[in-house]
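Engineer: Have a look at this prediction, sequence included:
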Amino acid sequence: MKLSHVISLIVGSCTTAILASGLSSAQALEFNFAYSYPSGNASGILTTSDQAVDIGGGDFYYVITSISGQRGANTINRIANGGGSDNLISATAPFHPTERGFSFSTNSLGSGSADGVGVYKVSKQGNSIFEEQLIPPSDPSPVNLVITPVTVVPFNIPGGASIPTIGSLLSIALMGKFKKKRDQKVTEISEKA
């Protein structure tokens, strides 16, 4: 392959990557969560932003943007801001909430509920120690919380992880096109000889 073909291939790939960086959009990450409390179980899916935020001291966390699931027989309706929670989970394994925790509402009519909705807070209270609390404050209950990623947690690549993929696929396609042209020329030359 001629040097001019290689250079045009590289320039084309770089141009495609630059254009694609403007087209990529943020994608949400999903995490399964589950825990047991004294009288039952809760489980569901936490959806977060894909960009981790530094909350100080080099600790990076994802912002929880939505939640779904079940707490006992009750449906978890939405993420809530009850009890001073910050609705963050760590960006590295083992995944866990902060000490301020995440809060969610259910369709339950438990004590301390407002408008027929129970608001619960799940928070970290020490190294691998978690608790759940009904808001307004009630006595917290210890829980065994496990959070696992549903979607692969990406490296923080500006513009999204799709840029390297698109650039690689276009480079392969262009190389295939040039190889086909080269093979045709070699065949033509060998047929003339």
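Structural biologist: Structure received. Just so you know, these numbers come straight off a predicted model, no measurement behind them.
Engineer: Is Thr151 in contact with Leu46, as I believe?
Structural biologist: No - contact criterion CB atoms under 8 Å: Thr151 and Leu46 do not qualify, at 11.2 Å. Just so you know, the C-beta spots here come from the backbone N, C-alpha and C atoms, and that holds for glycine as well.
Engineer: any shared contact partners between the two?
Structural biologist: Glu30 (CB atoms under 8 Å, 6 or more residues apart in numbering).
Engineer: Looking at the two, which one has more neighbours?
Structural biologist: For Thr151 and Leu46, the more surrounded residue by other CB atoms under 10 Å is Leu46, and the numbers stand at 26 against 13.
Engineer: packing partners for whichever strand or helix holds Lys121?
Structural biologist: Using DSSP states H and E, Lys121 sits within strand 118-126. Here strand 118-126 touches strand 102-106, strand 129-135, going by 3 or more CB pairs under 8 Å, 6 or more residues apart in numbering; DSSP states H and E.
Engineer: Out of the ones you listed, which one sits most buried?
Structural biologist: strand 102-106 (a mean of 25; mean count of other CB atoms under 10 Å).
Engineer: Given that one, what are its sheet partners and their directions?
Structural biologist: Neighbouring strands of strand 102-106 in its sheet, by DSSP bridges, are strand 74-80 (antiparallel), strand 118-126 (antiparallel).
Engineer: List the buried residues of the longest one.
Structural biologist: Buried residues in strand 118-126, counting neighbours by 16 or more other CB atoms under 10 Å, are found at Gly118, Val119, Tyr120, Lys121, Val122, Ser123, Lys124.
Engineer: And for stretch 143-151?
Structural biologist: Neighbour counts over stretch 143-151 (16+ other CB under 10 Å) mark Val143, Leu145, Ile147 as buried.
Engineer: Same list (these) but as CSV, adding pLDDT, secondary structure and distance to Ser68.
Structural biologist: Below are the buried residues of stretch 143-151 laid out as CSV (pLDDT from 0 to 100; DSSP: H, G, I helix; E, B strand; the rest coil; distance: CB to CB, whole Å):
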residue, pLDDT, secondary structure, distance to Ser68
Val143, 91, strand, 18
Leu145, 93, coil, 17
Ile147, 94, strand, 14
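Engineer: Would you mind giving those as CSV with distance to Ile189 added?
Structural biologist: Converted to CSV, the buried residues of stretch 143-151 look like this (distance: CB to CB, whole Å):
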residue, distance to Ile189
Val143, 75
Leu145, 69
Ile147, 63
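Engineer: Tell me the one of those nearest Asp59?
Structural biologist: Nearest to Asp59, judged by CB to CB, of those is Ile147 at 15.7 Å.
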